[in-house]
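Peer 1: Pasting the sequence and the predicted coordinates here, then a few questions.
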Amino acid sequence: MDLNKSATAPAWDNEKSAMVQNPPPPYCDNAGVAQPDQAYPQQGYGYNHQQGAVYNQQLYSMGQQGPGQPVPVTMQPTVYVTQGPLENPVDDYMCYSIFTMFCCCLPLGIAALIYSISAREANHIGDRMSAERNSRTSRTLNHVALGLGIGSLILCIIFFVVNVTMRFGH
């Protein structure tokens with residue numbers, strides 16, 4: 001077998017040369033990794049974004065048919081603002097919710113537990129309004145579940161006492 005000969009047909013060379021494509025972007029060995037002098041890793045797809053870089057873009061006015069004068073556009077760095085946990089967290093009633101779920105009323109206890117977890121998460125991310133709303137809802141559901149549990153317990157005791165006195169009382 002001759003290694004100098006091509007395995008492709010000679011007629012295909014013209015077709016391949018007619019299909020001109022841009023080469024892919026260059027490979028970046030440390031894409032997405034912060035460099036020692038950067039606070040955040042660069043993001044992109046093989047080309048480097050530069051903070052404060054100026055790009056020329058063309059503007060078209062309403063009556064203008066052709067391109068306008070190039071206008072510089074400055075890229076601003078992205079700033080993320082986050083809140084930390086609350087200094088004085090709102091009560092989440094987690095233990096109360098678990099108690100009412102197991103001992104009083106399972107469906108309302110589950111709902112109260114979900115709101116307790118939401119209140120705890122809102123405390124953790126620093127959202128006081130959400131934490132207060134979820135805490136208030138959890139407390140209300142816990143009170144209702146406790147009331148239903150105590151009421152059903154009292155009704156069961158009354159039913160048992162009446163049933164025993166009816167059988168053995170006369």
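Peer 2: Nice, thanks for sending it over.
Peer 1: My guess is residue 146 contacts residue 104. True?
Peer 2: Yes: counting by Cβ atoms under 8 Å, residue 146 touches residue 104, with 5.3 Å between them. Every residue, glycine included, has its C-beta placed from N, CA and C.
Peer 1: How many residues are close by residue 129?
Peer 2: By other Cβ atoms under 10 Å, 9 other residues sit near residue 129.
Peer 1: ah, wrong one, I meant residue 96
Peer 2: Residue 96 sits with 21 neighbouring residues when counted by other Cβ under 10 Å.
Peer 1: What strand or helix carries the residue nearest to it when sequence neighbours are not counted?
Peer 2: Counting by Cβ to Cβ, 6 or more residues apart in numbering, residue 96 lies nearest to residue 142, which is 4.8 Å off, once chain neighbours are set aside. Under DSSP states H and E, the secondary-structure element containing residue 142 is helix 128-168.
Peer 1: Does anything pack onto that helix? Which helices or strands?
Peer 2: Using 3 or more Cβ pairs under 8 Å, 6 or more residues apart in numbering; DSSP states H and E, the elements in contact with helix 128-168 are helix 94-103, helix 106-125.
Peer 1: Export only the CA atoms of stretch 156-170, formatted as CSV.
Peer 2: Extracted in CSV, the C-alpha atoms of stretch 156-170 (Å, rounded to 0.1, in the frame of the first residue of the first chain):
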residue,chain,number,x,y,z
CYS,A,156,-62.7,10.2,71.6
ILE,A,157,-62.6,10.3,75.4
ILE,A,158,-66.2,11.4,75.6
PHE,A,159,-67.3,8.7,73.1
PHE,A,160,-65.4,6.1,75.1
VAL,A,161,-66.9,7.1,78.5
VAL,A,162,-70.4,7.2,77.0
ASN,A,163,-70.0,3.9,75.3
VAL,A,164,-68.7,2.3,78.6
THR,A,165,-71.5,3.7,80.7
MET,A,166,-74.1,2.6,78.2
ARG,A,167,-72.9,-1.0,78.3
PHE,A,168,-72.1,-1.5,81.9
GLY,A,169,-73.9,1.4,83.6
HIS,A,170,-77.5,0.1,83.6
